[in-house]
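> Provided below for reference: sequence and predicted model.
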Amino acid sequence: FDVSVPELFAPLMVGARMVILKPGGHTEPLYVAEVIEQTRATMVHFVPSMLSVFVDVVGTQRISAMDSVRIISLTGEAVPPAVAADVRLALPEILFYNLYGPTEAAVEITYENIERASATDASVPIGIPVWNSTSLVLDGRLHQV
């Protein structure tokens, strides 16, 4: 639910058109690809595990042809480095964001523009705090590190 707030209101705040998938459509990668292509979507938001399935089913060649896409945002779980690498290879010019935020605190509190990614990377960073916020890294005893 928390991700629905920026997904629903951000397009309206800037006068953009919003595309809503059919019920359950988010679980059908080929349908998602068709909607992106037919509507010429410019921004797409994925949960990383769904992006992984999307890349596997749709394929990087077809994703590369999605030239309307300018921004892909990811939120909700850790991003597999191999998936990030595939997307970055398929769409090298897009803005590609890894967003992080514990639901208990905020929707998205940090962001990382994934400019480069390799399948051999240990992880994809969660980035730096968004505007007007702070994030702290704590150890197991809740002391700052």
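The structure has been received and is ready for your questions. Residues are numbered from 1 along each chain as shown.
> how about Val19, secondary structure?
coil (DSSP: H, G, I helix; E, B strand; the rest coil).
> tell me how many other residues crowd the closest residue to it other than its chain neighbours.
Among residues not flanking Val19 along the chain, Thr39 sits closest, at 4.9 Å (CB to CB, 6 or more residues apart in numbering). C-beta coordinates here come from the backbone N, C-alpha and C atoms, glycine included. Using other CB atoms under 10 Å, Thr39 has 12 other residues around it.
> also Thr42?
Counted with other CB under 10 Å, Thr42 comes out at 14.
> helices and strands of the protein: which one bottoms out on pLDDT?
helix 4-13 (a mean of 82; mean pLDDT, DSSP states H and E).
> what residues sit buried inside it?
Pro6, Glu7 (16 or more other CB atoms under 10 Å).
> with only the CA atoms kept, save that helix in CSV.
Extracted as CSV, the C-alpha positions of helix 4-13 are listed here (Å, rounded to 0.1, in the frame of the first residue of the first chain):
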residue,chain,number,x,y,z
SER,A,4,0.7,3.4,-4.0
VAL,A,5,0.9,6.9,-2.6
PRO,A,6,3.7,8.2,-4.9
GLU,A,7,2.5,6.0,-7.7
LEU,A,8,-1.0,7.5,-7.7
PHE,A,9,-0.3,11.1,-6.8
ALA,A,10,3.0,11.9,-8.4
PRO,A,11,1.7,11.7,-12.0
LEU,A,12,-1.3,13.9,-11.0
MET,A,13,0.9,16.5,-9.4
